[in-house]
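1. output the structure for:
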Amino acid sequence: MNNKIRKLTGVSILIALVVILQFLSNYITFGPVNITLALIPIVLAGIIYGPVEGFIVGAVLGAIVLVSPSTGVFLSYKPVTTVFLCLLKTGLAGLAAGFIFKPFKGRNELVGSILASIAVPIINTGLFSLITIFVFREGVFGVTDLNGEFLSYFFLTVIGINFLIEFAVNSALSPAIYKISKIVNSRFAERE
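-> Down below sits the predicted model:
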């Protein structure tokens, strides 16, 4: 099988996984927060296929989030900023996963995959948090100044639970899934 076809097939499968996992996140809740497992395929795209593919798979997740009902309040307040936020936060997370993993490729790939896995939820949640606090705070939450009460609420309920679970899941599962994908890729290579 041609490498370009293998890459296109692999990225397409990861995009399909993003769609399925993001859909399932509507049913996985922890308190008021939906928990997504869709960051895992973004990590895998970055570490297996590279930064550009990580960005593409991440941007697909951003597009799905953009059309979800929970994004409506952000879209009604600042539509252009919301589009950029949704597409770029996960896209840049996938891009970073690829760049973080690159120096480890062929050397200590397990460490590289762990670092990339940890970076994705940090970048995704970090960008969302920063933009929300500085751009959407007043229109979405009705808060005009950065007071401790708002920041406590925002980080403990809106961000905290979601981030910690996504961080733990990515840290634990992405390196294991990467190892499995390496085995599968080597089996395909043997058949050629």
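2. helices of this structure, residue ranges please.
-> For the chain, applying DSSP state H gives helices covering 3-24, 39-44, 51-66, 72-77, 79-101, 109-131, 137-141, 148-153, 161-191.
3. return the most buried member of the ones you listed.
-> helix 39-44 (a mean of 30; mean count of other C-beta atoms under 10 Å). Bear in mind the C-beta positions are built from the backbone N, C-alpha and C, glycine included.
4. circling back to that earlier point, reformat the helices of the chain as CSV; add mean pLDDT.
-> Formatted as CSV, the helices of the chain follow (pLDDT from 0 to 100):
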stretch, mean pLDDT
helix 3-24, 90
helix 39-44, 92
helix 51-66, 93
helix 72-77, 72
helix 79-101, 91
helix 109-131, 89
helix 137-141, 65
helix 148-153, 70
helix 161-191, 76
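5. now do the contacts for G91.
-> With contacts defined as C-beta atoms under 8 Å, 6 or more residues apart in numbering, G91 is in contact with F55, I56, G58, A59, G62.
6. mind redoing it with 10 Å?
-> G91 makes contacts with 42, 54-63, 84, 123-124, 127, as judged by C-beta atoms under 10 Å, 6 or more residues apart in numbering.
7. how far away is it from I40?
-> As judged by C-beta to C-beta, to the nearest Å, G91 and I40 stand 16 Å apart.
8. now K78: phi and psi?
-> K78 has phi and psi values of phi -140, psi 90 when expressed as degrees, to the nearest 10.
9. can I assume it is in contact with F136?
-> Yes: K78 is in contact with F136 according to C-beta atoms under 10 Å; the separation is 6.8 Å.
10. measure I20 to K105 for me?
-> 28 Å.
11. same question, I42
-> With distances taken as C-beta to C-beta, I42 is found 17 Å from K105.
12. same thing with T81?
-> In terms of C-beta to C-beta, T81 sits 35 Å off from K105.
13. then A168?
-> For A168 relative to K105 (C-beta to C-beta), the value is 25 Å.
14. alright, that wraps it up for me.
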